[in-house]
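> need the 3D shape of this:
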Amino acid sequence: MFGNLYFGGSRPKPCKAFDEEGIVMWCGGVSKTLAPGYRVSWVAPGKFKEHIIMQKLLQTVSMPSLYQEVIADFLEFGRYDHHLRTIRHTLHTNCLKFQRAIEEYFPANTRISQPQGGFFLWLELDPRIDTADLFDTAIRQQLSFAPGRMFTQRDQFNNCMRLNFALQWDDRLEFDLKRLGKIVKQAL
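Residues are numbered from 1 along each chain as shown. Below is the predicted model of the structure:
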């Protein structure tokens, strides 16, 4: 879903590009890049085609064809490619702004991921910090992030957080990152 949101010169190859036996299903959609409410997606199912068709028939009787037609028209006339170029530029710029603000406002030992696309930053904080506890404090101050432990079934990533940088950058957002950095510093 995030493959089209790359920051480099070309889209990374999907796993399907290396599939010689038809055992990899390549799924895609526009809910992360264009139209979240439309829920239009697709699959290149490889050797699982018949099973996928049967499951689609059993699970979804019909999909509003208007949504599919609107997306198909957008794709056919090249507007999606233009849209993706614009959104990739905006996301990359936001990512750099977030990284700069985190370097400025968070503790010096904060480790920041260097994503090559998408719209999330992964932060690794001091090992003494539990981001689940920080989350409660942040929410009370109307700040939000995803605590690291949400992304594992084991007791790990307790000192990590995920931030969404797909937001309109403005002075208020920078101020909110400064406030979040202050909460992190106070937790030490």
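> what distance do you get for the spatially closest residue to residue 124 that is not a sequence neighbour to residue 73?
The spatially closest residue to residue 124, leaving aside those adjacent along the chain, is residue 111, at 4.0 Å (CB to CB, 6 or more residues apart in numbering). In short, each C-beta sits where N, CA and C put it, glycine included. Look at residue 111 and residue 73: by CB to CB, to the nearest Å, they are 44 Å apart.
> what's the residue nearest to residue 124 sitting at in phi/psi?
In this entry, residue 111 is assigned phi and psi values of phi -100, psi 130 (degrees, to the nearest 10).
> residues near it, how many?
Residue neighbour count, defined by other CB atoms under 10 Å, stands at 13 for residue 111.
> right, and it touches residue 123 too?
Yes: the criterion here is CB atoms under 8 Å, and residue 111 meets it with residue 123 at 6.9 Å.
> how does the chain divide into domains?
The chain resolves into domains spanning 3-77, 90-186 when parsed by automatic domain parsing.
> quick one, longest helix in this protein?
Assignment by DSSP state H gives helix 79-105 as the longest helix of the chain.
> check which helices and strands that one sits against.
Helix 79-105 is packed against strand 111-112, strand 120-124, helix 171-186, with contacts defined by 3 or more CB pairs under 8 Å, 6 or more residues apart in numbering; DSSP states H and E.
> hmm, 7 Å instead?
In terms of contacts (3 or more CB pairs under 7 Å, 6 or more residues apart in numbering; DSSP states H and E), helix 79-105 is packed against strand 120-124, helix 171-186.
> most distant residue from the middle of this protein?
residue 50 (30.6 Å; CA atoms, centre = their mean).
> please state the offset of stretch 53-61 from the chain centre?
The chain centre lies 28 Å from the centre of stretch 53-61; the measure is CA atoms, centre = their mean, to the nearest Å.
> if you count neighbours, what's buried in that stretch?
Buried residues in stretch 53-61, counting neighbours by 16 or more other CB atoms under 10 Å, are absent.
> got it, and stretch 169-188?
By neighbour count, and taking 16+ other CB under 10 Å as the criterion, the buried residues in stretch 169-188 are 173, 174, 176, 177, 180, 181, 183, 184, 187.
> make CSV out of those and add pLDDT and distance to residue 45.
Formatted as CSV, the entries for these read as follows, by pLDDT from 0 to 100; distance: CB to CB, whole Å:
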residue, pLDDT, distance to residue 45
173, 97, 40
174, 97, 44
176, 97, 42
177, 98, 42
180, 97, 42
181, 97, 45
183, 96, 46
184, 97, 44
187, 91, 47
